[in-house]
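Colleague: What shape does this take:
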Amino acid sequence: MRIHFIATGGTIMHNLAIDAHLKGNQVTGSDDEIFDPASARLQKYGLLPKEFGWFPEKITEDLDQVIVGMHARSDNPELLKAQALNLKIYSFPEYIYEQSEDKQRVVIAGSHGKTTITAMIMHVLNYYHRKFDYLVGAAPEGFEQNIRLSNDSPVIILEGDEYLSAPFDPTPKFLHYRHHIGVISGIAWDHINVFPTFDDYIEPFEQFADNTPKAGALILSQDDSLTSVIGAKDREDVTQISYQAIPHKVIDGQTYLTTKEQKLALQIFGEHNMRNISAALQVCKRIGIKDNDFYQAISSFKGAARRLEKVADYQDFVFFKDFAHAPSKLMATTTAVKKQFIDRKLVACLELHSYSSLNKAFLAQYQGTFNAADRAFIYFNPQNLTQKRLDTLDKAEISKAFEHDNLTVIEEIDELKQELFKINWSNKNLLMMSSGNFNNLDFTEVAKKIISTLK
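Modeller: So this is what the prediction gives:
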């Protein structure tokens with residue numbers, strides 16, 4: 001088949017393009033900008049566009065399918081050409097559903113934790129050499145790609161995003177997947193640009209739960225007040241399962257999973273990750289993995305990329321990077337690091353990068369969420385405000401919203417580096433959180449310079 005990807009540089013889109021290419025399809029794509037790792041991976045497979053931009057001449061009548069990413073706008077010239085030619089056009093979640101229509105579909109939804117829960121399930125299934133397909137925002141160790149869509153896997157594990165599917169399709173992505181087993185890990189308002197009120201944001205999750213089919217299963221966090229409300233509704237012939245953090249202990253900076261029979265050392269930590277493990281366990285039980293087999297496999301899980309990923313570890317200093325950006329994620333991640341290393345000071349940096357985090361109307365949601373950090377920095381690039389067509393932000397407004405006693409707000413990345421290099425890092429940990437990349441900050445370089453001061 002001839003398949004063209006509009007906005008091929010996205011996390012999922014470039015993986016879909018590679019997957020389609022490896023199946024023997026003739027794949028082309030376009031985007032106005034593509035960054036690593038997508039750029040390098042597309043280049044590896046000969047799929048990187050020769051020029052960045054939109055080229056309607058690439059859209060011809062002999063294309064079998066056109067897949068459109070959310071990065072494209074509704075007036076995208078390639079999309080308009082495809083519509084004019086009446087070609088088969090998919091949002092990527094529609095395409096994934098078509099590719100998995102005959103499989104058992106497990107969808108992990110929620111405002112936080114969905115990537116990690118999905119990665120945990122993938123790790124366990126892979127540990128036991130089970131055949132399965134998947135889609136995940138950040139793949140765990142042992143997986144080269146974020147997506148696999150085969151012809152013979154009986155089940156697919158899907159990270160379900162509540163964001164809109166495409167510029168021509170406002171349906172939340174996870175509703176397209178039509179789950180048989182669904183998880184909602186928790187609900188905390190996000191994506192203010194498309195869900196302007198809290199009620200607007202909750203509605204898709206209620207619909208997701210209601211769409212659970214007869215004989216299906218709905219797995220909900222018991223510790224989240226909103227998922228508890230959703231779970232209180234009676235859904236005929238649907239098995240509803242609630243979960244909470246799996247029993248565990250932290251001893252001398254090491255987290256152990258505890259059962260009646262054993263105590264297993266884990267390679268991840270944090271109360272939120274103990275809830276994630278419990279959610280993954282409930283899913284795995286539904287697809288044929290026994291409890292003790294799950295525990296054995298999960299003890300070797302190291303986490304998904306950029307989810308409390310360790311950058312450096314030297315004597316009494318550890319440097320983590322994390323994808324946290326929304327208020328609930330910020331609080332969970334900083335609290336996890338502080339509790340795991342209770343005797344160390346925590347220096348935490350947050351980049352305001354997402355549309356919601358840079359929006360004045362949303363800033364109040366961050367009140368108190370940085371309190372676990374002993375020293376806090378907030379960085380934002382004013383150019384992002386211009387690109388997202390948002391009002392300017394004042395440093396004082398940001399400080400007031402967070403209400404942290406030891407907070408510095410910074411607009412220049414070099415200034416942030418200078419501030420970090422002034423700190424005596426003995427018996428301290430560094431945590432850097434963003435859905436962006438701190439203006440292409442080289443984390444390895446920062447780690448090396450800090451460690452050089454400790455030698």
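Colleague: rest of the way, CA atoms for contacts and neighbours
Modeller: Noted.
Colleague: So which residues of the stretch 51-200 of the chain form helices?
Modeller: In the stretch 51-200 of the chain, the helices defined using DSSP state H, counting those that start in this stretch lie at 77-84, 92-99, 114-127, 173-176, 198-210.
Colleague: Let me fix that, I meant to ask about the stretch 201-350 of the chain.
Modeller: 225-231, 271-286, 291-298, 327-340.
Colleague: Point out the other elements, helices or strands, that the last one touches.
Modeller: Using 3 or more C-alpha pairs under 8 Å, 6 or more residues apart in numbering; DSSP states H and E as the contact definition, the elements that helix 327-340 packs against are helix 271-286, strand 345-351.
Colleague: deepest of these, which one?
Modeller: strand 345-351 (a mean of 24; mean count of other C-alpha atoms under 10 Å).
Colleague: Quick check: what element follows that one along the chain?
Modeller: Remark: after strand 345-351, the chain's next helix or strand is strand 375-379, criterion DSSP states H and E.
Colleague: So what are the sheet partners of that following strand and their directions?
Modeller: Using DSSP bridges, the strands paired with strand 375-379 are strand 345-351 (parallel), strand 407-410 (parallel).
Colleague: I'd like those as a markdown table, with distance to Asp64 and mean pLDDT appended.
Modeller: What follows is those, written out as a markdown table (distance: least, C-alpha to C-alpha, whole Å; pLDDT from 0 to 100):
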| stretch | distance to Asp64 | mean pLDDT |
| --- | --- | --- |
| strand 345-351 | 41 | 98 |
| strand 407-410 | 49 | 97 |
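Colleague: of the helices and strands packed on helix 327-340, which approaches Gly368 most closely?
Modeller: Proximity to Gly368 (C-alpha to C-alpha) singles out strand 345-351 among these, at 13.7 Å.
Colleague: okay, the angle between the closest one and helix 327-340?
Modeller: Here the directions of strand 345-351 and helix 327-340 differ by 160 degrees (axes from the mean of the first three to the mean of the last three C-alpha atoms, to 10 degrees).
Colleague: looking at the helices of the stretch 51-200 of the chain, which is buried most?
Modeller: Highest mean neighbour count of the helices of the stretch 51-200 of the chain: helix 114-127, a mean of 25 (counted as mean count of other C-alpha under 10 Å).
Colleague: Against which helices or strands is it packed?
Modeller: Using 3+ C-alpha pairs under 8 Å, 6+ apart: helix 114-127 touches strand 104-109, strand 155-159, helix 271-286, helix 291-298.
Colleague: quick one on the thing from earlier: pipe the strands paired with strand 375-379 into a markdown table and attach distance to Thr197 per row.
Modeller: Below are these laid out as a markdown table (distance: least, C-alpha to C-alpha, whole Å):
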| stretch | distance to Thr197 |
| --- | --- |
| strand 345-351 | 23 |
| strand 407-410 | 27 |
